[in-house]
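pasting a predicted model and its sequence here:
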Amino acid sequence: MERRVDLAVIGGGASGMAAAIAAGRLGDRVAVFESAPRPCRKLLASGNGRCNLMNTGNPRYFGDAAFASSVLSHAGCDTVRGLMDSLGVLLVPEEDDRVYPATGQSSTVADALKNGLKSVSAGFFPNAEIRRVSRVPDGFTLVRDGEKCHTARVLVACGGPASPRLGGTESGYDILRSFGHRIIDPRPALCPLTTDRKSVSGLSGIRVRCAVTLADPSGRPIHREQGEVLFTDYGVSGICVMQCARFLPEGPCVLELDLISRFFPEEEALSRELHARRERFGDASPEALLNGILLPKLSYAVLKQAGIPLRGERLSDLDDRALSSVASVLRRYRLNVTGTRGLDAAQVTAGGADCREFCPSTMESLLVPGLYASGEVLDVDGDCGGFNLLFAFSSGILAGANGRDLKGVVIP
Ligand SMILES: Cc1cc2nc3c(=O)[nH]c(=O)nc-3n(C[C@H](O)[C@H](O)[C@H](O)COP(=O)(O)OP(=O)(O)OC[C@H]3O[C@@H](n4cnc5c(N)ncnc54)[C@H](O)[C@@H]3O)c2cc1C
């Protein structure tokens, strides 16, 4: 059987679904091909099942950040809000400019997108993995299970390889490569980090709020973050740690945790506090120096890294040099980073299709007219907080609209 459509969308994630609804509302015949039985798997898992679907603060994008800004200047938060509004999804702002559906359930957004697709009579084909797209004189042909779909335009919205258990795959890259597009090597973004065992020994399960600096072995900073670090048996996790993953250099590096500046920003105040504690708890063991400031296991790890002998010593035995090395470890507790937990554990992919080969107002390929790409398959990744779904929706809407007035998309 041969089907004929105006737009074939490969991938029923956030970006592909938004594109299909936009194109359908503008009068196109649309078909969405999704390799999984159901659409929107990553969206459903997003924001711990609550779907943090956009962020109204300053854009925080990497990869081709300029391309992301340009896309958002054509269809930003207002357009995505308009689309959600038109689908009946009420959005509510929360802290740090994060935006969620009022129900607090990502299924609300996924259901609304599915209904939006139905309302424009777009075809949705589950369990339909597209492996090859062929160029024909008046468009493209997609083949699956012997069935052919002829389309004037084709959108690759396959996402990236992060989180394969939720559909992450490189198949979008393969399709785009077959048309001559360049793919920037994918690597994990928003991913926990692994460290050597010594760095986290005995600390698994501890959470601590601190400033973190990813640095080269000589201490030269590469990237800085702030937030809650969670120690695990393999290394460290937490949003601020995950946001460091995309900056990991090829060679060795360290993560320095500043455990104390939020309580004692001034060197002198910290030194005074440590000296006072030595006076007050002098008969106790050296751990008493930090107990009550840090959790006992972390106090122990800090003293160990500072080279303080812990057996058979009393706190009063520590000289001023020992106190000052404790102070310096408190500001720079070092973890030897060995890598990330890999694409399996990453929420987002850094790298992807080179954005310089696409138009940021329509998402059309500059190499192959009629071919489009949107969402995470492109070389754009954002911080936690709604930036990735925002880019997926925005770029999808632009791809579906293909240069037509967006009023027809957000006001059905
Ligand atoms: C656990 C988790 C939590 C997250 N939380 C957030 C969050 O709170 N906020 C945020 O902004 N972002 C979050 N993200 C990231 C966000 O979900 C993604 O960036 C976003 O879903 C990307 O949308 P997309 O449509 O480009 O790709 P995807 O959502 O990955 O959709 C691509 C679809 O294409 C299908 N597909 C792939 N290849 C083919 C093929 N050859 N043929 C047919 N179908 C194919 C896949 O099955 C998939 O359904 C999270 C991600 C994860 C994994």
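Ah, there it is.

and the helices in the stretch 101-250 of the chain, which stretches?
Read by DSSP state H, counting those that start in this stretch, the stretch 101-250 of the chain holds these helices, from start to end of the chain: 106-119, 171-178, 197-200, 239-242.

close to the ligand: what parts of this protein are there?
On the criterion Cβ under 6 Å from any ligand atom, the ligand has as its neighbours in the chain the residues 10-16, 33-36, 41-43, 45-47, 52, 129-130, 157-159, 163, 166-167, 169, 171-172, 347-348, 375-376, 386-389, 392. Placement of C-beta: from N, CA and C, glycine included.

for residue 329, helix, strand, or coil?
Reduced to three states with DSSP: H, G, I helix; E, B strand; the rest coil, the structure at residue 329 is helix.

can you start the count at 30 instead of 1 from here on
Got it, the first residue is 30 from now on, which makes the last one we talked about residue 358.

tell me the contacts of the closest residue to it other than its chain neighbours?
The shortest distance from residue 358 to any residue other than its chain neighbours is 4.3 Å, reached at residue 335 (Cβ to Cβ, 6 or more residues apart in numbering). Shown in contact with residue 335 (Cβ atoms under 8 Å, 6 or more residues apart in numbering): 351, 354, 355, 357, 358.

number of nearby residues for the third one?
Using other Cβ atoms under 10 Å, residue 355 has 24 other residues around it.

which helix or strand lies directly C-terminal to the helix or strand harbouring it?
For residue 355, the enclosing helix or strand under DSSP states H and E is helix 349-360. Scanning the chain past helix 349-360 towards its C-terminal end, the next helix or strand to appear is strand 362-369 (assignment: DSSP H and E).

elements contacting that following strand?
Under the contact criterion of 3 or more Cβ pairs under 8 Å, 6 or more residues apart in numbering; DSSP states H and E, strand 362-369 touches strand 222-224, helix 226-229, strand 264-266, strand 282-287, helix 325-334.

hang on, residue 412 packs against residue 272?
Yes - taking contacts as Cβ atoms under 8 Å, residue 412 lies within contact range of residue 272: 5.5 Å.

centre of this protein to the edge, which residue is at the far end?
residue 312 (49.2 Å; Cα atoms, centre = their mean).

and residue 397, backbone torsions?
phi -130, psi 100 (degrees, to the nearest 10).

quick one, what contacts it?
Residue 397 makes contact with 164, 208, 209, according to Cβ under 8 Å, 6+ apart.

apply 10 Å and report the result again.
By Cβ atoms under 10 Å, 6 or more residues apart in numbering, the contact list for residue 397 reads 162, 164, 169, 183, 205, 208, 209, 210, 386.

need the winner for burial among the helices of the stretch 130-279 of the chain.
helix 268-271 (a mean of 23; mean count of other Cβ atoms under 10 Å).

next one: it to chain centre, how far?
Here the centre of mass of C-alpha atoms in helix 268-271, compared against the chain's by Cα atoms, centre = their mean, to the nearest Å, lies 10 Å away.

per-residue pLDDT, the residue in the stretch 280-429 of the chain that the ligand sits nearest to?
For the stretch 280-429 of the chain, the residue closest to the ligand is residue 404, as judged by Cβ to the nearest ligand atom, at 2.2 Å. The pLDDT attached to residue 404 in the predicted structure is 98.

burial count for it?
The criterion is other Cβ under 10 Å. On that basis, residue 404 has 32 neighbouring residues.

once you drop chain neighbours, what's closest to it?
In space, residue 404 is closest to residue 44, 2.9 Å off (Cβ to Cβ, 6+ apart).

what residues are up against whatever residue of the stretch 180-329 of the chain ends up closest to the ligand?
Relative to the ligand, the nearest point of the stretch 180-329 of the chain is residue 188 (2.4 Å; Cβ to the nearest ligand atom). By Cβ under 10 Å, 6+ apart, the residues touching residue 188 are 40, 42-45, 70-71, 195-201, 377-378, 381, 404-406, 417, 421.

narrow those residues to those in strands?
Among the contacts of residue 188, the subset assigned to strands under DSSP state E consists of 377, 378, 381.

what pairs with the second one across the strands?
For residue 378, the residues forming beta bridges with it (DSSP bridges) are residue 217.

what pLDDT does residue 67 get?
As predicted, residue 67 sits at a pLDDT of 96.

so who does it touch?
With contacts defined as Cβ under 10 Å, 6+ apart, residue 67 is in contact with 41, 73, 139, 143, 153, 155, 156, 196.

good, we can wrap up now.
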